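# Give me coordinates for this.
(2 chains)
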Amino acid sequence: MAEEQQSGGPADSPGRRIWDTGHWGPTVPDEHEAVKAVREQFPDAFVDAVNFRDEMTIRVERPALRDVVAYLRDERSLQYNLLSDLTAVDMLRLRDNPRFDVVIQLYSIPRRQRLRVKAAFNDGDPVPSMVPLFEGANWLEREAYDMFGIVFEGHPDLRRMLLPDDWDEGHPLRKDYPLRGYREYVQPGFENPAPRVRSRFRRP
Amino acid sequence: MSLEISQGTPVEISEERALGGSQRQMVLNMGPQHPSTHGVLRVILTMEGETIVECDPVLGYLHRGVEKLGETHRYSQFVPWTDRTDYVAAPSNNLGYILAVEKLCGIEAPERATYWRMIMGELARLASHLVWLGTHALDIGALSMSLYCFRERESILDIFETFCGARLTTNMMEMGGFSREVPEKLPQMVRDFCNMFPEKQAEYEALLSANPIWLSRTRGVGVIEPEAAISMSLTGACLRGSGINYDIRKATPYLYYDRMDFEVPLGTRGDVYDRYLVRMEEMRQSISIIEQCLEQMPTDGPLSLSESPYVIPPHDSVMKTAEDMQRHFIWVIKGFSPPKGEVYQAIEHSKGELGYYVVSDGTPIPYRVRLRTPDFVNLQALPYMAKGAALADVVALIGTIDIVLGSVDR
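Sure thing, here's the model as predicted:
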């Protein structure tokens, strides 16, 4: 989606823009320390860096995802030590290939800066798990597995999170999953509902 | 070894029959319907006597697929759904989502509306903390706390009702500000509440802070080490109770929090009692922020960005001018289309970092709405804290995380 993204766009309201607070570091990718460091350290895995609304997104190759995040966490000058969020996006309607994006929002408590790391992959590709780096990724990855069917390699306990354990009808946040599910669910005790009676107040 | 039963029949118990190893463990199911789980949370506890060996929370009893619904509704239609995630602090949820969509569209609400947003967000924090304090104390055994806390929460709900007509699911925030004028009596209501609340809070603290029963149930219970707290991605009072200074209002300010003078309370030991103290101090700081907002707020000025294509036109001009009526029609029927892109907006919710990750594909319906709810992530600390704790402490541990299951399960 990088080439389709607009570069921020003009603000409708004059004066200070509410998002323009420098929480994501420099807006030009070439000036951003994390982008420069990742590009230098992982020349093969680095895909590109996109800035939208002053938010910096680094896109990397899937196999190197854990190494990149570990580097961002441990490097003394970066210290992205808090995993804010881990989720996925099904890009089915936006591009042909690869289908999914895994999106990691990092935050650096000492440097007060955010960063987003993304990796694209196809259905069935194993994504390196972040649990060895951040324990907090445990449930977030379980949820991503539950909702998208993403297999995280190295996750200690990859089970369904929010849906029942015996749910056998796929992963509901995929774009090809119908909103109302694949079949109707009948509440126990209501298998044979009483026929609808026409109200006497309604016109015949 | 022999045992005398009252009838006098001797019963032989051989050494082999005494339970050993994993056989000594018992699996105890707590919930899903349990008064202390604050909703429908199920916790599977593996016990060895009174001690918890393993704790496995089972979620999803309140899962409604809010994220999937977000992908099928227009941007403005999703605001009421955010109320239903964390329903004890609905304005904060509205605020996070609206800020994310406004960032996506590239608009900013006028100054007076932003101040009112801050006031409502802080009142929501107070309401949420009052519910937390009441139920947390109720779980541990202080029954009367819940009566006092809900009494003060009532005044906050009255303020919400005067402001927007609803008490719990407020659906309060709108794109670009507020479409209705603030009721005349509202500033005085908020001021009265700010004057009344500190002495009520002193009553709570007189009841709890030095209460020997409260201290013995909370001191040294559920200790979270600072490194573990960061590793588990905890936010809010769970993180600050362990002494990590991360409050989004200070660290990466949104709205006008950079103009406010307030302090971030930090704990030292990271136990249940420290988190209690942190939240009590947060309530005091919230009152101070509300007072500063009322002081700094311009007395008049627009409440809404009425000219922007992303904002619903004001009701008066819709009734009077043809252009605004057309704009209103199109806004309601077709919605608005933000530019293509993605934003992540995090706000300091009463429970921690509430993040909305919104992806737009340029249509009036969001491509992806992700709710990073604080209590879902914070609940991961429950197995960590429960390991080695006593069964009776589990209710204190669930209470100290401050969860609302509507927000955990989404």
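# Which single residue of the stretch 201-350 of chain B ends up nearest chain A?
B:Ser233 (2.8 Å; CB to the nearest CB). Every residue, glycine included, has its C-beta placed from N, CA and C.
# Assign that residue to helix, strand or coil.
With DSSP: H, G, I helix; E, B strand; the rest coil as the basis, B:Ser233 sits in coil.
# would you list every one of the strands in the stretch 301-410 of chain B?
For the stretch 301-410 of chain B, the strands defined by DSSP state E, counting those that start in this stretch occupy B:341-349, B:352-360, B:368-372.
# Tabulate the ones you listed (CSV), appending mean pLDDT.
As requested, the strands of the stretch 301-410 of chain B are exported to CSV (pLDDT from 0 to 100):
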stretch, mean pLDDT
strand B:341-349, 91
strand B:352-360, 92
strand B:368-372, 92
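# pull the helix or strand with minimum mean pLDDT from chain B.
strand B:2-4 (a mean of 49; mean pLDDT, DSSP states H and E).
# ok, A:Gly22 - contacts?
Under the criterion of CB atoms under 8 Å, 6 or more residues apart in numbering or on different chains, the neighbours of A:Gly22 are A:Asp54.
# so it sits in a strand?
No. Per three-state DSSP, A:Gly22 lies outside any strand segment and is coil.
# May I have the predicted confidence score for it?
At A:Gly22, the model reports a pLDDT of 73.
# returning to what we had before: and the strands of the stretch 301-410 of chain B as a markdown table, adding distance to B:Cys105 and mean neighbour count?
Listed next are these as a markdown table, based on distance: least, CB to CB, whole Å; neighbours: other CB atoms under 10 Å in any protein chain shown:
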| stretch | distance to B:Cys105 | mean neighbour count |
| --- | --- | --- |
| strand B:341-349 | 10 | 25 |
| strand B:352-360 | 9 | 26 |
| strand B:368-372 | 15 | 24 |
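# Now those strands in JSON lines, please, with extra columns for distance to chain A.
Below are those laid out as JSON lines (distance: least, CB to the nearest CB, whole Å):
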{"stretch": "strand B:341-349", "distance to chain A": "4"}
{"stretch": "strand B:352-360", "distance to chain A": "5"}
{"stretch": "strand B:368-372", "distance to chain A": "4"}
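# which stretch among those strands comes nearest B:Ser128?
strand B:341-349 (8.0 Å; CB to CB).
# could you pull out the helices for the stretch 101-250 of chain B?
Counting by DSSP state H, counting those that start in this stretch, the segments of the stretch 101-250 of chain B that form helices are B:111-140, B:143-164, B:186-208, B:212-218, B:226-231, B:237-240, B:248-251.
# Who are the packing partners of the third one?
Just to be clear, that refers to helix B:186-208. helix B:111-140, helix B:143-164, helix B:272-296 (3 or more CB pairs under 8 Å, 6 or more residues apart in numbering or on different chains; DSSP states H and E).
# Grab the nearest non-local neighbour of the spatially most central residue of chain B.
Geometric centre of chain B, nearest residue: B:Lys351, 4.0 Å, by CA atoms, centre = their mean. Distance criterion CB to CB, 6 or more residues apart in numbering or on different chains; nearest residue to B:Lys351, sequence neighbours excluded, is B:Pro374 at 4.2 Å.
# quick one on the thing from earlier: now distance to B:Gly267 too, for the strands of the stretch 301-410 of chain B, in JSON lines please.
JSON lines is the format used below for these (distance: least, CB to CB, whole Å):
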{"stretch": "strand B:341-349", "distance to B:Gly267": "17"}
{"stretch": "strand B:352-360", "distance to B:Gly267": "14"}
{"stretch": "strand B:368-372", "distance to B:Gly267": "23"}
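# which one of the ones you listed lies closest to B:Met319?
Closest approach to B:Met319 among the strands of the stretch 301-410 of chain B (CB to CB): strand B:352-360, 31.4 Å.
# quick one: that closest one to strand B:341-349, angle?
If you take axes from the mean of the first three to the mean of the last three CA atoms, to 10 degrees, strand B:352-360 sits at 160 degrees to strand B:341-349.
# Within the sheet, what are the partner strands of strand B:352-360, with directions?
strand B:341-349 (antiparallel), strand B:368-372 (antiparallel) (DSSP bridges).
# Any chance of these in TSV with distance to B:Glu199 as columns?
Compiled in TSV, the strands paired with strand B:352-360 are given as follows (distance: least, CB to CB, whole Å):
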stretch	distance to B:Glu199
strand B:341-349	26
strand B:368-372	37
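# right, and the ones you listed - which one's nearest B:Thr72?
strand B:368-372 (10.0 Å).
# Which residue ranges of chain A form helices?
Applying DSSP state H to chain A gives helices spanning A:33-41, A:65-74, A:137-148.
# In CSV, list those helices along with mean neighbour count, distance to chain B and mean pLDDT.
Output for these, formatted as CSV (neighbours: other CB atoms under 10 Å in any protein chain shown; distance: least, CB to the nearest CB, whole Å; pLDDT from 0 to 100):
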stretch, mean neighbour count, distance to chain B, mean pLDDT
helix A:33-41, 18, 15, 89
helix A:65-74, 19, 10, 91
helix A:137-148, 24, 5, 92
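# need those helices in TSV with distance to B:Asp158, can you?
Output for the helices of chain A, formatted as TSV (distance: least, CB to CB, whole Å):
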stretch	distance to B:Asp158
helix A:33-41	47
helix A:65-74	47
helix A:137-148	37
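# what's the closest of those to B:Gly49?
B:Gly49 lies closest to helix A:137-148 among those, at 27.6 Å (CB to CB).
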